[in-house]
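Colleague: Below: sequence and its predicted model.
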Protein chains: 2
Amino acid sequence: MRKPGGHEVSMTGAIMARTPVWASIAATLEQEIARGLYAAGDKLPTEAALAARFGVNRHTVRRALSDLGERGLTHSRRGAGVFVRAAPTDYPLGRRVRFHSNIRASGRLPEKRVLRIETRPADTTEAEALDLAPAAPVIVYEGLSLAGGDPIAHFTSVFPAERLPGIDATLQETSSVTEALRRHGIADYTRAFTRLTAEAATATQALHLALPEGAPLLRSVGRNVDPDGVPVEHGVTHFAGDRVALTVASDDDPPTSSG
Amino acid sequence: MRKPGGHEVSMTGAIMARTPVWASIAATLEQEIARGLYAAGDKLPTEAALAARFGVNRHTVRRALSDLGERGLTHSRRGAGVFVRAAPTDYPLGRRVRFHSNIRASGRLPEKRVLRIETRPADTTEAEALDLAPAAPVIVYEGLSLAGGDPIAHFTSVFPAERLPGIDATLQETSSVTEALRRHGIADYTRAFTRLTAEAATATQALHLALPEGAPLLRSVGRNVDPDGVPVEHGVTHFAGDRVALTVASDDDPPTSSG
DNA sequence: GCCTATGATTTGTCTAGTTGTATAGGATTC
DNA sequence: GAATCCTATACAACTAGACAAATCATAGGC
(Lines give C-alpha, C1' and ligand atoms only; values in the text may rest on other atoms or scores of the structure.)
Protein backbone atom coordinates (compact mmCIF):
# COMPACT_ATOMS: atom_id res chain seq x y z
CA MET A 1 0.00 0.00 0.00
CA ARG A 2 2.87 2.31 -0.68
CA LYS A 3 3.13 4.83 -3.41
CA PRO A 4 6.65 6.05 -3.98
CA GLY A 5 5.87 7.71 -7.27
CA GLY A 6 2.59 9.26 -6.18
CA HIS A 7 0.68 12.10 -7.75
CA GLU A 8 1.55 14.63 -5.12
CA VAL A 9 5.29 14.35 -5.29
CA SER A 10 6.11 17.96 -5.95
CA MET A 11 9.71 18.07 -4.90
CA THR A 12 11.72 16.46 -7.61
CA GLY A 13 11.23 13.87 -10.18
CA ALA A 14 13.90 11.70 -8.70
CA ILE A 15 12.92 8.12 -8.09
CA MET A 16 14.05 6.66 -4.83
CA ALA A 17 15.70 3.38 -5.37
CA ARG A 18 15.17 2.23 -1.82
CA THR A 19 12.07 2.83 0.18
CA PRO A 20 12.60 5.14 3.13
CA VAL A 21 12.27 3.70 6.59
CA TRP A 22 9.34 5.91 7.40
CA ALA A 23 7.42 4.62 4.39
CA SER A 24 8.01 1.10 5.53
CA ILE A 25 6.76 1.93 9.00
CA ALA A 26 3.73 3.66 7.57
CA ALA A 27 2.98 0.64 5.41
CA THR A 28 3.28 -1.66 8.40
CA LEU A 29 0.95 0.44 10.48
CA GLU A 30 -1.49 0.74 7.63
CA GLN A 31 -1.57 -3.01 7.26
CA GLU A 32 -2.16 -3.46 10.94
CA ILE A 33 -5.02 -1.02 10.82
CA ALA A 34 -6.47 -2.71 7.77
CA ARG A 35 -6.14 -6.08 9.45
CA GLY A 36 -8.21 -4.84 12.35
CA LEU A 37 -5.44 -4.84 14.88
CA TYR A 38 -6.43 -1.28 15.62
CA ALA A 39 -10.10 -0.55 15.19
CA ALA A 40 -11.63 2.80 14.38
CA GLY A 41 -11.26 5.14 17.29
CA ASP A 42 -8.50 3.12 18.89
CA LYS A 43 -5.39 4.78 20.11
CA LEU A 44 -2.16 3.73 18.52
CA PRO A 45 0.88 3.10 20.72
CA THR A 46 2.72 6.26 21.64
CA GLU A 47 5.34 7.64 19.33
CA ALA A 48 7.98 6.67 21.84
CA ALA A 49 6.69 3.10 21.97
CA LEU A 50 6.58 2.87 18.19
CA ALA A 51 10.06 4.31 17.98
CA ALA A 52 11.28 1.64 20.35
CA ARG A 53 9.42 -1.08 18.49
CA PHE A 54 10.85 -0.15 15.09
CA GLY A 55 14.21 0.82 16.51
CA VAL A 56 14.19 4.30 15.05
CA ASN A 57 14.09 7.85 16.26
CA ARG A 58 10.80 9.32 17.33
CA HIS A 59 10.85 11.74 14.41
CA THR A 60 11.00 8.94 11.93
CA VAL A 61 7.88 7.48 13.48
CA ARG A 62 6.34 10.93 13.30
CA ARG A 63 7.12 11.07 9.60
CA ALA A 64 5.25 7.81 9.14
CA LEU A 65 2.32 8.97 11.24
CA SER A 66 2.23 12.21 9.32
CA ASP A 67 1.85 10.19 6.13
CA LEU A 68 -1.04 8.23 7.59
CA GLY A 69 -2.63 11.44 8.77
CA GLU A 70 -2.34 13.08 5.38
CA ARG A 71 -4.09 10.13 3.85
CA GLY A 72 -6.89 10.37 6.37
CA LEU A 73 -6.26 7.10 8.14
CA THR A 74 -5.42 8.64 11.49
CA HIS A 75 -5.69 11.86 13.38
CA SER A 76 -3.88 13.00 16.48
CA ARG A 77 -4.60 15.02 19.55
CA ARG A 78 -1.77 16.72 21.30
CA GLY A 79 -1.22 15.22 24.68
CA ALA A 80 -3.67 12.41 24.05
CA GLY A 81 -2.33 10.26 21.26
CA VAL A 82 -2.83 9.17 17.68
CA PHE A 83 -6.17 7.63 16.83
CA VAL A 84 -7.49 5.60 13.94
CA ARG A 85 -10.05 7.44 11.86
CA ALA A 86 -13.24 5.73 10.88
CA ALA A 87 -13.58 6.95 7.32
CA PRO A 88 -10.43 6.22 5.37
CA THR A 89 -11.29 8.26 2.32
CA ASP A 90 -14.39 9.97 1.09
CA TYR A 91 -17.37 9.65 3.29
CA PRO A 92 -20.38 8.99 1.09
CA LEU A 93 -22.50 11.42 3.00
CA GLY A 94 -23.26 13.69 0.09
CA ARG A 95 -24.99 10.92 -1.75
CA ARG A 96 -27.41 9.94 0.91
CA VAL A 97 -28.14 12.86 3.12
CA ARG A 98 -30.79 15.24 1.94
CA PHE A 99 -29.98 18.84 2.33
CA HIS A 100 -33.31 19.86 3.73
CA SER A 101 -33.56 17.32 6.46
CA ASN A 102 -29.94 17.77 7.23
CA ILE A 103 -30.15 21.48 7.58
CA ARG A 104 -33.43 21.53 9.37
CA ALA A 105 -32.23 19.17 12.03
CA SER A 106 -28.90 20.90 12.16
CA GLY A 107 -27.02 17.69 12.16
CA ARG A 108 -29.59 14.97 12.61
CA LEU A 109 -27.01 12.43 11.71
CA PRO A 110 -26.42 9.01 13.19
CA GLU A 111 -24.83 9.97 16.48
CA LYS A 112 -24.71 13.10 18.54
CA ARG A 113 -22.70 14.26 21.49
CA VAL A 114 -24.08 16.89 23.79
CA LEU A 115 -21.52 19.49 24.74
CA ARG A 116 -23.67 21.95 26.61
CA ILE A 117 -27.28 22.62 27.48
CA GLU A 118 -27.93 25.71 29.51
CA THR A 119 -30.42 28.48 30.10
CA ARG A 120 -29.27 32.07 30.14
CA PRO A 121 -30.30 35.52 28.98
CA ALA A 122 -30.13 36.13 25.26
CA ASP A 123 -27.65 38.50 23.77
CA THR A 124 -28.78 41.08 21.28
CA THR A 125 -28.41 38.95 18.16
CA GLU A 126 -30.12 35.97 19.74
CA ALA A 127 -32.99 38.11 20.99
CA GLU A 128 -33.39 39.57 17.56
CA ALA A 129 -33.18 36.19 15.87
CA LEU A 130 -35.90 34.71 18.06
CA ASP A 131 -37.94 37.89 18.15
CA LEU A 132 -37.66 38.17 21.93
CA ALA A 133 -37.30 41.00 24.39
CA PRO A 134 -33.69 41.91 25.21
CA ALA A 135 -32.08 39.53 27.70
CA ALA A 136 -35.09 37.23 27.64
CA PRO A 137 -34.11 33.70 28.72
CA VAL A 138 -33.00 31.30 26.02
CA ILE A 139 -32.03 27.66 26.12
CA VAL A 140 -28.74 26.92 24.40
CA TYR A 141 -27.98 23.53 22.94
CA GLU A 142 -24.45 22.91 21.72
CA GLY A 143 -23.17 19.62 20.42
CA LEU A 144 -21.37 17.57 17.83
CA SER A 145 -22.73 15.42 15.05
CA LEU A 146 -20.78 12.27 14.47
CA ALA A 147 -20.74 9.66 11.78
CA GLY A 148 -18.93 6.48 12.47
CA GLY A 149 -17.22 8.11 15.41
CA ASP A 150 -15.83 10.95 13.34
CA PRO A 151 -17.05 14.44 14.02
CA ILE A 152 -19.00 15.84 11.08
CA ALA A 153 -20.43 19.06 12.39
CA HIS A 154 -20.55 21.35 15.38
CA PHE A 155 -23.83 23.08 16.08
CA THR A 156 -25.35 25.58 18.48
CA SER A 157 -29.09 26.06 18.72
CA VAL A 158 -31.03 28.55 20.81
CA PHE A 159 -34.66 28.23 21.81
CA PRO A 160 -36.98 30.70 23.55
CA ALA A 161 -37.13 29.45 27.13
CA GLU A 162 -40.48 30.96 28.01
CA ARG A 163 -42.13 29.52 24.97
CA LEU A 164 -40.61 26.09 25.43
CA PRO A 165 -40.12 25.47 29.14
CA GLY A 166 -38.41 22.20 29.91
CA ILE A 167 -37.13 21.62 26.40
CA ASP A 168 -33.63 21.47 27.83
CA ALA A 169 -34.48 18.19 29.53
CA THR A 170 -36.01 16.87 26.32
CA LEU A 171 -32.94 17.86 24.36
CA GLN A 172 -30.73 16.17 26.91
CA GLU A 173 -32.80 13.02 26.56
CA THR A 174 -33.35 12.83 22.83
CA SER A 175 -30.49 15.01 21.55
CA SER A 176 -32.72 15.76 18.59
CA VAL A 177 -34.02 19.20 17.78
CA THR A 178 -36.82 17.84 15.64
CA GLU A 179 -38.01 15.41 18.26
CA ALA A 180 -37.74 17.95 21.07
CA LEU A 181 -39.83 20.48 19.20
CA ARG A 182 -42.36 17.85 18.35
CA ARG A 183 -42.74 16.81 21.95
CA HIS A 184 -43.29 20.37 22.95
CA GLY A 185 -46.23 20.81 20.71
CA ILE A 186 -44.53 22.27 17.66
CA ALA A 187 -44.77 19.46 15.19
CA ASP A 188 -45.54 21.69 12.28
CA TYR A 189 -42.66 24.08 12.07
CA THR A 190 -41.00 25.28 8.92
CA ARG A 191 -37.60 26.61 8.10
CA ALA A 192 -37.74 30.32 7.55
CA PHE A 193 -34.37 30.53 5.90
CA THR A 194 -30.96 28.96 5.64
CA ARG A 195 -27.82 30.90 4.99
CA LEU A 196 -24.61 29.25 3.90
CA THR A 197 -21.09 30.55 4.10
CA ALA A 198 -17.58 29.21 4.23
CA GLU A 199 -15.34 29.98 7.16
CA ALA A 200 -11.93 29.04 8.42
CA ALA A 201 -11.88 26.88 11.52
CA THR A 202 -10.88 28.51 14.76
CA ALA A 203 -8.67 26.65 17.18
CA THR A 204 -11.64 25.45 19.18
CA GLN A 205 -13.64 24.39 16.17
CA ALA A 206 -10.61 22.64 14.78
CA LEU A 207 -10.32 20.72 18.00
CA HIS A 208 -13.94 19.67 18.00
CA LEU A 209 -13.89 18.56 14.39
CA ALA A 210 -10.41 17.02 14.49
CA LEU A 211 -9.16 19.33 11.76
CA PRO A 212 -6.21 21.64 11.43
CA GLU A 213 -6.79 25.22 12.37
CA GLY A 214 -7.87 27.26 9.38
CA ALA A 215 -9.46 24.33 7.59
CA PRO A 216 -12.49 25.33 5.53
CA LEU A 217 -15.84 24.90 7.23
CA LEU A 218 -19.32 25.12 5.81
CA ARG A 219 -21.32 27.43 8.03
CA SER A 220 -25.07 27.15 8.02
CA VAL A 221 -27.35 29.55 9.83
CA GLY A 222 -31.01 28.70 9.95
CA ARG A 223 -34.19 29.56 11.71
CA ASN A 224 -37.32 27.52 12.31
CA VAL A 225 -40.68 29.16 12.82
CA ASP A 226 -44.08 27.87 13.91
CA PRO A 227 -47.10 28.10 11.61
CA ASP A 228 -47.69 31.66 12.79
CA GLY A 229 -44.23 32.69 11.78
CA VAL A 230 -42.91 32.98 15.32
CA PRO A 231 -39.33 31.74 15.67
CA VAL A 232 -38.92 28.64 17.79
CA GLU A 233 -35.30 27.78 17.05
CA HIS A 234 -32.26 29.51 15.67
CA GLY A 235 -29.10 27.58 15.00
CA VAL A 236 -25.61 27.76 13.59
CA THR A 237 -23.89 24.65 12.30
CA HIS A 238 -20.32 24.27 11.12
CA PHE A 239 -19.70 21.30 8.88
CA ALA A 240 -16.27 19.88 8.25
CA GLY A 241 -15.78 20.94 4.66
CA ASP A 242 -13.86 17.93 3.56
CA ARG A 243 -16.13 15.36 5.14
CA VAL A 244 -19.53 16.61 4.14
CA ALA A 245 -21.21 17.58 0.94
CA LEU A 246 -24.65 19.00 1.38
CA THR A 247 -26.98 18.24 -1.44
CA VAL A 248 -29.95 20.34 -2.32
CA ALA A 249 -32.87 18.32 -3.43
CA SER A 250 -34.36 19.49 -6.69
CA ASP A 251 -38.04 19.71 -5.85
CA ASP A 252 -40.12 21.68 -8.25
CA ASP A 253 -37.97 24.60 -9.02
CA PRO A 254 -39.10 27.28 -11.41
CA PRO A 255 -35.99 29.33 -12.02
CA THR A 256 -36.89 32.64 -10.52
CA SER A 257 -35.24 35.84 -11.46
CA SER A 258 -34.17 36.84 -8.01
CA GLY A 259 -30.89 38.69 -7.86
CA MET B 1 19.02 30.46 10.25
CA ARG B 2 15.62 29.45 9.13
CA LYS B 3 12.48 31.46 9.11
CA PRO B 4 9.88 30.07 11.50
CA GLY B 5 6.30 29.64 10.43
CA GLY B 6 6.24 29.42 6.68
CA HIS B 7 3.23 29.96 4.50
CA GLU B 8 2.74 26.30 4.00
CA VAL B 9 -0.01 24.95 6.12
CA SER B 10 -0.33 21.24 5.79
CA MET B 11 -4.09 20.87 5.87
CA THR B 12 -3.96 17.34 7.05
CA GLY B 13 -4.85 15.09 9.88
CA ALA B 14 -2.58 16.77 12.36
CA ILE B 15 -4.08 19.55 14.39
CA MET B 16 -1.85 22.54 13.94
CA ALA B 17 -2.43 24.91 16.77
CA ARG B 18 -1.09 28.13 15.48
CA THR B 19 -3.24 29.69 18.14
CA PRO B 20 -3.08 27.89 21.45
CA VAL B 21 -6.38 26.28 22.32
CA TRP B 22 -6.52 28.00 25.67
CA ALA B 23 -6.29 31.37 23.96
CA SER B 24 -9.19 30.52 21.71
CA ILE B 25 -11.23 29.43 24.72
CA ALA B 26 -10.34 32.58 26.59
CA ALA B 27 -11.40 34.67 23.62
CA THR B 28 -14.70 32.85 23.41
CA LEU B 29 -15.44 33.34 27.08
CA GLU B 30 -14.41 36.96 26.91
CA GLN B 31 -16.76 37.51 24.03
CA GLU B 32 -19.60 35.83 25.87
CA ILE B 33 -18.99 38.04 28.86
CA ALA B 34 -18.89 41.06 26.61
CA ARG B 35 -22.15 40.05 24.99
CA GLY B 36 -23.83 40.01 28.35
CA LEU B 37 -24.31 36.28 28.60
CA TYR B 38 -22.68 36.44 31.99
CA ALA B 39 -23.26 39.62 33.94
CA ALA B 40 -20.95 41.04 36.58
CA GLY B 41 -21.10 38.86 39.68
CA ASP B 42 -22.43 35.86 37.81
CA LYS B 43 -20.81 32.50 38.23
CA LEU B 44 -19.33 30.93 35.15
CA PRO B 45 -19.94 27.24 34.46
CA THR B 46 -17.62 24.95 36.38
CA GLU B 47 -14.26 24.10 34.97
CA ALA B 48 -15.47 20.58 34.32
CA ALA B 49 -18.49 21.84 32.41
CA LEU B 50 -16.38 24.18 30.32
CA ALA B 51 -13.92 21.40 29.64
CA ALA B 52 -16.74 19.23 28.35
CA ARG B 53 -18.14 22.02 26.27
CA PHE B 54 -14.86 22.86 24.59
CA GLY B 55 -13.74 19.27 24.40
CA VAL B 56 -10.49 19.80 26.23
CA ASN B 57 -8.89 18.83 29.46
CA ARG B 58 -9.76 20.74 32.56
CA HIS B 59 -6.25 22.12 32.79
CA THR B 60 -6.59 23.78 29.42
CA VAL B 61 -9.73 25.51 30.62
CA ARG B 62 -7.85 26.57 33.73
CA ARG B 63 -5.18 28.09 31.53
CA ALA B 64 -7.85 30.14 29.77
CA LEU B 65 -9.47 31.16 33.04
CA SER B 66 -6.08 32.09 34.39
CA ASP B 67 -5.69 34.43 31.46
CA LEU B 68 -9.05 36.03 32.09
CA GLY B 69 -8.21 36.35 35.76
CA GLU B 70 -4.89 38.00 35.10
CA ARG B 71 -6.63 40.52 32.92
CA GLY B 72 -9.10 41.30 35.66
CA LEU B 73 -12.16 39.97 33.90
CA THR B 74 -12.85 37.21 36.39
CA HIS B 75 -11.86 36.06 39.84
CA SER B 76 -12.18 32.64 41.40
CA ARG B 77 -12.94 31.31 44.85
CA ARG B 78 -11.78 27.86 45.73
CA GLY B 79 -14.72 25.57 46.24
CA ALA B 80 -17.16 28.17 45.01
CA GLY B 81 -16.48 28.91 41.38
CA VAL B 82 -15.27 31.50 38.92
CA PHE B 83 -17.09 34.80 38.89
CA VAL B 84 -17.29 37.65 36.45
CA ARG B 85 -15.77 40.81 37.76
CA ALA B 86 -16.71 43.27 35.06
CA ALA B 87 -17.93 43.28 31.52
CA PRO B 88 -15.68 44.81 28.91
CA THR B 89 -17.49 47.25 26.75
CA ASP B 90 -15.99 46.52 23.41
CA TYR B 91 -18.15 44.27 21.37
CA PRO B 92 -16.64 43.94 17.95
CA LEU B 93 -19.00 42.02 15.73
CA GLY B 94 -18.43 43.05 12.20
CA ARG B 95 -20.88 42.26 9.51
CA ARG B 96 -18.94 39.85 7.38
CA VAL B 97 -21.42 39.15 4.71
CA ARG B 98 -21.93 41.93 2.27
CA PHE B 99 -23.78 40.01 -0.32
CA HIS B 100 -26.13 37.13 -0.39
CA SER B 101 -27.82 35.28 -3.11
CA ASN B 102 -30.44 32.65 -3.46
CA ILE B 103 -28.83 29.32 -3.96
CA ARG B 104 -31.09 28.54 -6.89
CA ALA B 105 -29.37 31.38 -8.67
CA SER B 106 -25.99 29.88 -8.08
CA GLY B 107 -24.63 30.58 -11.51
CA ARG B 108 -26.67 33.66 -12.28
CA LEU B 109 -25.26 36.47 -10.29
CA PRO B 110 -25.68 40.02 -11.58
CA GLU B 111 -22.36 41.25 -12.92
CA LYS B 112 -20.00 38.95 -14.68
CA ARG B 113 -16.62 39.01 -16.27
CA VAL B 114 -15.78 36.44 -18.88
CA LEU B 115 -12.40 34.81 -18.41
CA ARG B 116 -12.55 32.11 -21.03
CA ILE B 117 -14.92 30.59 -23.53
CA GLU B 118 -13.61 27.70 -25.53
CA THR B 119 -14.58 24.47 -27.22
CA ARG B 120 -12.61 21.34 -26.58
CA PRO B 121 -13.09 17.60 -26.04
CA ALA B 122 -14.55 16.67 -22.66
CA ASP B 123 -12.51 14.93 -20.07
CA THR B 124 -13.89 11.88 -18.35
CA THR B 125 -15.69 13.65 -15.50
CA GLU B 126 -17.22 16.21 -17.82
CA ALA B 127 -18.39 13.55 -20.22
CA GLU B 128 -19.96 11.65 -17.40
CA ALA B 129 -21.56 14.75 -15.93
CA LEU B 130 -23.19 15.69 -19.21
CA ASP B 131 -23.95 12.13 -20.20
CA LEU B 132 -21.83 12.37 -23.34
CA ALA B 133 -19.57 10.02 -25.21
CA PRO B 134 -15.93 10.18 -24.12
CA ALA B 135 -14.07 13.15 -25.59
CA ALA B 136 -17.23 14.59 -27.11
CA PRO B 137 -16.87 18.32 -27.67
CA VAL B 138 -17.94 20.62 -24.87
CA ILE B 139 -18.09 24.37 -24.54
CA VAL B 140 -16.40 25.69 -21.45
CA TYR B 141 -17.40 28.98 -19.91
CA GLU B 142 -15.21 30.32 -17.15
CA GLY B 143 -15.71 33.64 -15.46
CA LEU B 144 -16.07 35.75 -12.39
CA SER B 145 -19.18 37.04 -10.67
CA LEU B 146 -18.87 40.50 -9.24
CA ALA B 147 -20.86 42.64 -6.87
CA GLY B 148 -19.99 46.26 -6.54
CA GLY B 149 -16.75 45.64 -8.34
CA ASP B 150 -15.63 43.00 -5.86
CA PRO B 151 -15.20 39.46 -7.06
CA ILE B 152 -17.76 37.22 -5.43
CA ALA B 153 -17.40 33.92 -7.16
CA HIS B 154 -15.41 32.04 -9.75
CA PHE B 155 -17.34 29.63 -11.91
CA THR B 156 -16.77 27.14 -14.67
CA SER B 157 -19.64 25.80 -16.71
CA VAL B 158 -19.56 23.15 -19.41
CA PHE B 159 -22.19 22.65 -22.10
CA PRO B 160 -22.60 19.90 -24.67
CA ALA B 161 -21.33 21.48 -27.87
CA GLU B 162 -23.26 19.26 -30.26
CA ARG B 163 -26.52 19.88 -28.50
CA LEU B 164 -25.97 23.63 -28.25
CA PRO B 165 -23.93 24.77 -31.26
CA GLY B 166 -23.04 28.41 -31.19
CA ILE B 167 -23.84 28.92 -27.53
CA ASP B 168 -20.30 30.11 -27.03
CA ALA B 169 -21.09 33.24 -29.01
CA THR B 170 -24.27 33.78 -27.06
CA LEU B 171 -22.42 33.38 -23.80
CA GLN B 172 -19.85 35.86 -24.95
CA GLU B 173 -22.57 38.32 -25.78
CA THR B 174 -24.89 37.94 -22.82
CA SER B 175 -22.56 36.41 -20.25
CA SER B 176 -25.65 34.81 -18.79
CA VAL B 177 -26.18 31.08 -18.64
CA THR B 178 -29.91 31.45 -18.25
CA GLU B 179 -30.27 33.77 -21.20
CA ALA B 180 -27.98 31.70 -23.38
CA LEU B 181 -29.89 28.50 -22.71
CA ARG B 182 -33.17 30.26 -23.33
CA ARG B 183 -32.01 31.60 -26.68
CA HIS B 184 -30.97 28.12 -27.68
CA GLY B 185 -34.38 26.68 -27.15
CA ILE B 186 -34.07 25.42 -23.60
CA ALA B 187 -36.27 27.80 -21.68
CA ASP B 188 -37.60 25.20 -19.33
CA TYR B 189 -34.62 23.65 -17.67
CA THR B 190 -34.43 22.56 -14.06
CA ARG B 191 -31.63 22.05 -11.62
CA ALA B 192 -31.03 18.37 -11.09
CA PHE B 193 -28.97 18.77 -7.97
CA THR B 194 -26.66 21.06 -6.08
CA ARG B 195 -23.83 19.85 -3.94
CA LEU B 196 -22.10 22.08 -1.43
CA THR B 197 -18.74 21.78 0.23
CA ALA B 198 -16.16 24.02 1.82
CA GLU B 199 -12.66 24.14 0.39
CA ALA B 200 -9.46 26.04 0.86
CA ALA B 201 -8.57 28.45 -1.92
CA THR B 202 -5.80 27.45 -4.27
CA ALA B 203 -3.31 30.02 -5.43
CA THR B 204 -5.21 30.59 -8.67
CA GLN B 205 -8.57 30.89 -7.01
CA ALA B 206 -7.12 33.22 -4.43
CA LEU B 207 -5.84 35.43 -7.21
CA HIS B 208 -9.18 35.58 -8.97
CA LEU B 209 -11.12 36.31 -5.85
CA ALA B 210 -8.58 38.64 -4.28
CA LEU B 211 -8.21 36.48 -1.22
CA PRO B 212 -5.26 34.99 0.61
CA GLU B 213 -4.34 31.49 -0.38
CA GLY B 214 -6.08 28.95 1.80
CA ALA B 215 -9.06 31.18 2.52
CA PRO B 216 -12.30 29.26 2.93
CA LEU B 217 -14.41 28.94 -0.19
CA LEU B 218 -17.93 27.68 -0.66
CA ARG B 219 -17.93 25.18 -3.49
CA SER B 220 -21.15 24.53 -5.31
CA VAL B 221 -21.51 21.87 -7.96
CA GLY B 222 -24.73 21.85 -9.91
CA ARG B 223 -26.31 20.43 -13.00
CA ASN B 224 -29.15 21.70 -15.11
CA VAL B 225 -31.27 19.34 -17.17
CA ASP B 226 -33.89 19.82 -19.81
CA PRO B 227 -37.47 18.61 -19.31
CA ASP B 228 -36.43 15.17 -20.51
CA GLY B 229 -33.75 14.94 -17.87
CA VAL B 230 -30.88 15.34 -20.32
CA PRO B 231 -28.04 17.46 -18.90
CA VAL B 232 -27.55 20.77 -20.65
CA GLU B 233 -25.13 22.44 -18.26
CA HIS B 234 -22.80 21.37 -15.50
CA GLY B 235 -21.01 23.92 -13.41
CA VAL B 236 -18.72 24.40 -10.48
CA THR B 237 -18.76 27.67 -8.59
CA HIS B 238 -16.41 28.80 -5.85
CA PHE B 239 -17.80 31.58 -3.68
CA ALA B 240 -15.62 33.75 -1.49
CA GLY B 241 -16.65 32.49 1.90
CA ASP B 242 -16.49 35.81 3.66
CA ARG B 243 -18.32 37.78 1.02
CA VAL B 244 -21.27 35.59 0.24
CA ALA B 245 -24.08 33.89 2.03
CA LEU B 246 -26.23 31.56 0.01
CA THR B 247 -29.80 31.42 1.11
CA VAL B 248 -32.01 28.44 0.70
CA ALA B 249 -35.55 29.50 0.08
CA SER B 250 -38.12 27.79 2.21
CA ASP B 251 -40.59 27.01 -0.54
CA ASP B 252 -42.99 24.19 -0.12
CA ASP B 253 -41.17 22.07 2.34
CA PRO B 254 -43.27 19.69 4.39
CA PRO B 255 -41.19 18.92 7.45
CA THR B 256 -42.72 15.52 7.86
CA SER B 257 -41.11 12.26 6.96
CA SER B 258 -38.22 13.54 4.91
CA GLY B 259 -35.15 11.98 6.38
C1' DG C 1 -35.10 28.10 64.49
C1' DC C 2 -30.32 27.17 64.99
C1' DC C 3 -26.33 24.46 64.94
C1' DT C 4 -23.57 20.74 63.36
C1' DA C 5 -22.05 16.62 60.98
C1' DT C 6 -21.67 14.71 56.66
C1' DG C 7 -21.03 14.29 51.88
C1' DA C 8 -20.89 16.18 47.34
C1' DT C 9 -19.10 19.81 44.58
C1' DT C 10 -15.59 22.92 43.05
C1' DT C 11 -11.13 25.10 42.70
C1' DG C 12 -5.97 24.60 43.60
C1' DT C 13 -1.87 21.90 43.19
C1' DC C 14 1.08 18.26 41.97
C1' DT C 15 3.25 14.58 39.13
C1' DA C 16 3.58 12.15 34.94
C1' DG C 17 2.92 11.14 30.18
C1' DT C 18 2.12 12.41 25.09
C1' DT C 19 2.17 15.09 20.91
C1' DG C 20 3.84 19.48 18.35
C1' DT C 21 7.60 22.41 17.07
C1' DA C 22 12.19 24.21 16.60
C1' DT C 23 17.01 23.61 16.03
C1' DA C 24 21.11 21.24 14.81
C1' DG C 25 23.98 17.86 12.73
C1' DG C 26 25.61 13.45 10.41
C1' DA C 27 24.88 10.14 6.57
C1' DT C 28 23.53 8.95 2.00
C1' DT C 29 22.47 9.77 -2.75
C1' DC C 30 22.37 12.23 -7.02
C1' DG D 1 27.10 20.90 -3.58
C1' DA D 2 22.34 20.08 -2.80
C1' DA D 3 18.56 17.52 -1.37
C1' DT D 4 16.77 13.89 1.38
C1' DC D 5 16.73 10.81 5.30
C1' DC D 6 17.54 9.96 9.92
C1' DT D 7 19.20 11.05 14.56
C1' DA D 8 19.41 13.91 18.70
C1' DT D 9 17.99 17.38 22.07
C1' DA D 10 15.04 20.69 24.14
C1' DC D 11 11.00 22.90 25.02
C1' DA D 12 5.91 24.09 24.53
C1' DA D 13 1.11 22.63 24.64
C1' DC D 14 -2.13 19.47 26.12
C1' DT D 15 -3.83 15.31 28.42
C1' DA D 16 -4.49 12.34 32.43
C1' DG D 17 -5.09 11.24 37.06
C1' DA D 18 -4.81 11.99 41.90
C1' DC D 19 -5.31 14.48 46.00
C1' DA D 20 -5.90 18.60 49.08
C1' DA D 21 -8.55 22.66 50.44
C1' DA D 22 -12.49 25.48 50.40
C1' DT D 23 -17.34 25.82 49.73
C1' DC D 24 -22.07 24.41 49.38
C1' DA D 25 -26.25 21.46 50.12
C1' DT D 26 -28.70 18.59 53.04
C1' DA D 27 -30.24 16.00 56.79
C1' DG D 28 -30.48 15.28 61.74
C1' DG D 29 -30.35 16.72 66.62
C1' DC D 30 -31.26 20.03 69.95
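Modeller: Okay, I see it.
Colleague: what helix or strand does A:L164 sit in?
Modeller: Assigned by DSSP states H and E, A:L164 belongs to neither a helix nor a strand.
Colleague: contacting residues for it?
Modeller: Each residue near A:L164 by CB atoms under 8 Å, 6 or more residues apart in numbering or on different chains is listed here: A:I139, A:L181, A:H184, A:I186, A:V232. In this view, the C-beta of every residue, glycine as well, is placed from N, C-alpha and C.
Colleague: Which two of those have the greatest separation?
Modeller: The most widely separated members of these, counting by CB to CB, are A:I139 and A:I186 (13.7 Å).
Colleague: These two: which is more packed in?
Modeller: A:I139 (26 against 21; other CB atoms under 10 Å in any protein chain shown).
Colleague: For the more buried one, name its beta-bridge partners.
Modeller: Beta-bridge partners recorded for A:I139 (DSSP bridges): A:T119, A:F159.
Colleague: Do you know the pLDDT at it?
Modeller: Model confidence at A:I139, given as pLDDT, is 94.
Colleague: What parts of chain A come near DNA strand C?
Modeller: A:14, A:17-18, A:44, A:46-49, A:59, A:62, A:65, A:76-82 (CB under 7 Å from any atom of the strand).
Colleague: Which entries within those residues meet the buried criterion?
Modeller: A:L44, A:E47, A:R62, A:L65, A:S76, A:V82 (16 or more other CB atoms under 10 Å in any protein chain shown).
Colleague: Grab the nearest non-local neighbour of the fifth one.
Modeller: Which is A:S76. A:V82 (4.4 Å; CB to CB, 6 or more residues apart in numbering or on different chains).
Colleague: didn't that neighbour look like it was pressed against A:L44?
Modeller: Yes. Here A:V82 reaches A:L44: they are 4.5 Å apart, a contact under CB atoms under 8 Å.
Colleague: any shared contact partners between these two?
Modeller: What both A:V82 and A:L44 touch, as defined by CB under 8 Å, 6+ apart, is the set A:L65, A:T74.
Colleague: I'd guessed A:H208 sits against A:H154; true?
Modeller: Yes. If you go by CB under 8 Å, A:H208 and A:H154 touch, sitting 4.8 Å apart.
Colleague: Which residues are in contact with each of these two?
Modeller: If you check A:H208 and A:H154 against CB under 8 Å, 6+ apart, the residues they both contact are A:L144.
Colleague: what's the helix or strand for A:R113?
Modeller: strand A:111-121.
Colleague: same for that strand, what does it pack against?
Modeller: strand A:137-147, helix A:167-174, helix B:47-54 (3 or more CB pairs under 8 Å, 6 or more residues apart in numbering or on different chains; DSSP states H and E).
Colleague: Out of the ones you listed, which gets nearest to B:P227?
Modeller: The nearest among the helices and strands packed on strand A:111-121, by CB to CB, is strand A:137-147 at 36.3 Å.
Colleague: wait, which of the helices and strands packed on strand A:111-121 is closest to B:V244?
Modeller: Across those, closest to B:V244 is strand A:137-147 (CB to CB), at 24.1 Å.
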